[in-house]
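Asks: Give me the fold of what follows.
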Amino acid sequence: MTRLPPVESKPGLSLHLLGVACGLAAGAWLGAAEAPTKLVTAGFSPFLISLGMVAGVFVARWTVPMALKGTGYIVRDLRRAPHLIVWAILAGMLWAVANTLTVFAIRDVGLSIAFPLWNANSLVGLFWGWLLFNELRGSTAATRWRVVGGSAAIVAGACLLAYATSHGLARADSGRTTLGILAALGAALLWGTMYIPYRKAYISGMNPLSFVTVFTFGELGTVLSLAIACDGGWPNVVAELVKARPALFWLFLGGFCWVLGDLFQQYAAKYIGISRGIPLSNTNQIWGLAWGALVFGELAGQGVAVRVLVLGGSLVMIAGAAAICSAEAPQSEQLNWKLAADRECMRYALDPDRIAAAMHGKADDLQHTQRRASWEVLILSIAAGCFLWLAIGAKRQPLTMDVLWMSVLVAVTVVFLLVCGFLLWKRTRFS
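Replies: The predicted structure follows:
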């Protein structure tokens, strides 16, 4: 088997630091995206909640990549590796089922508890990254311990947070609590497996923006099918959507936030692998706790002991994330990554030089040869019109929220977006 040729690294920010920044930004935005799912406690169907969010995801996944790269670029990128279209749709289907399960979990056990359980997906992703894509192979013992230990610490800290907040379940129905826990664990398994198509795409040279554009068809189709099959058929789904009209804006907004978080997560998976990128994005647990506790008051009335446990769990998670941040892949491990990419090149007759350049964040030949289509402005206008139309009819929902804390969390997530978005553009031009 031939090895991929080495590629000179670009000066400036290293790809490891860029991947770490993207992973942390993903955590902030993925945590914010779960806040609208609290509407399930206001009586809306979990399938309706998931469908509303995925509709927003569908709109955002088309418009954001198109705004950044253009449809011509995306189409040509997909044509160079058409076999990945099937993998992208499959990943979207896994995401859709997992996202629906999280809504059930939030309904039955609350946001603060559901988050830690489904964030076990980092361990699932770590296993698949090692087994299928040679991640951590060839690395030093210290590096492996940082990644594995850091991932375990993030999960352990999340479990500690769950234990701290589980006291509020004493009055809950035990049957629903069990179902909520199982739903969260099922989401963890599906989301952990979903990262296989992610990594397969990026060691094949596909741009994350192209991948997520196809990804969304699997999402929307699966969620719509689940809603029709499990929520009383198409007429009932339409009736529920009409009834939920005042709340749809918030669900669309949650879907949009999820897309931004997922894009950062995709770039993290591309540049530092799923064994490092996914645990870092799972710092969304801390953000989910912040939204649940500070904005929605899920920890109101808890004693000092619970608050100490929450602080301890958060510190353990931060320590785990810090360990992963310092676990840069050595040259010996990166060689094994190249061998995994070489396998894809041989299997699907891909250009190894182009793949190597893409893995090093270099702009490819499509970057400068594609002109923007005038009708892209129309699509962006339609997308903006959808959000504007929903915003006009939006009403405040019967949820107790702390507006001050909500404003603080929104401001911080926007800072993550601006800083990490600029770093991605400057270092890779969103390649």
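Asks: Mind listing residues that contact the helix or strand harbouring residue 308?
Replies: Assigned by DSSP states H and E, residue 308 belongs to helix 304-325. Around helix 304-325, the neighbours that count as contacts under Cβ atoms under 8 Å, 6 or more residues apart in numbering are 20, 24, 146-147, 149-154, 156-161, 163-165, 167, 276, 279-280, 283, 285-286, 289, 293, 299. In this view, the C-beta of every residue, glycine as well, is placed from N, C-alpha and C.
Asks: ok, residue 337 to residue 273 distance?
Replies: Taking Cβ to Cβ, to the nearest Å as the measure, residue 337 falls 7 Å from residue 273.
Asks: cool, and residue 217?
Replies: Distance from residue 217 to residue 273, by Cβ to Cβ: 26 Å.
Asks: Which residues lie in contact with residue 376 in this structure?
Replies: Going by Cβ under 8 Å, 6+ apart, residue 376 touches 66-67, 70-71.
Asks: Now, of those residues, which are buried?
Replies: Those of those that meet the buried threshold are 66, 70-71, by 16 or more other Cβ atoms under 10 Å.
Asks: quick one: which of the residues you listed is nearest residue 187?
Replies: For the buried ones among the contacts of residue 376, the minimum distance to residue 187 (Cβ to Cβ) is 29.2 Å, reached by residue 66.
Asks: Can you pull the phi/psi pair for that closest one?
Replies: Note on residue 66: its backbone torsions stand at phi -60, psi -40 [degrees, to the nearest 10].
Asks: And the nearest residue to it once chain neighbours are set aside, how far from residue 387?
Replies: Using Cβ to Cβ, 6 or more residues apart in numbering and skipping residues adjacent in sequence, the residue nearest residue 66 is residue 376, 5.7 Å away. Remark: distance between residue 376 and residue 387 (Cβ to Cβ) = 17 Å.
Asks: Ok, residue 398 next?
Replies: Residue 398 is 23 Å from residue 387, by Cβ to Cβ.
Asks: Compare these two (neighbour count), which wins?
Replies: residue 387 (18 against 10; other Cβ atoms under 10 Å).
Asks: give the contact list for the residue nearest in space to the middle of the chain.
Replies: Nearest residue to the geometric centre of the chain (Cα atoms, centre = their mean): residue 262, 3.4 Å. Contacts for residue 262 (Cβ under 8 Å, 6+ apart) come out as 26, 30, 212.
Asks: can you give me the helices for the stretch 51-200 of the chain?
Replies: 71-80, 83-109, 111-118, 121-133, 141-165, 174-202 (DSSP state H, counting those that start in this stretch).
Asks: Can you tell me which of these is packed in deepest?
Replies: helix 111-118 (a mean of 27; mean count of other Cβ atoms under 10 Å).
Asks: quick one: what helix or strand has the closest residue to residue 61 other than its chain neighbours in it?
Replies: Distances taken as Cβ to Cβ, 6+ apart put residue 216 closest to residue 61, at 3.9 Å, once the chain neighbours are dropped. Using DSSP H and E, residue 216 sits in helix 208-230.
Asks: From the contact counts, what lies against the very next helix or strand once past that helix?
Replies: Next helix or strand after helix 208-230 toward the C-terminus (DSSP H and E): helix 233-243. If you count contacts as 3 or more Cβ pairs under 8 Å, 6 or more residues apart in numbering; DSSP states H and E, helix 233-243 packs onto helix 46-69, helix 208-230.
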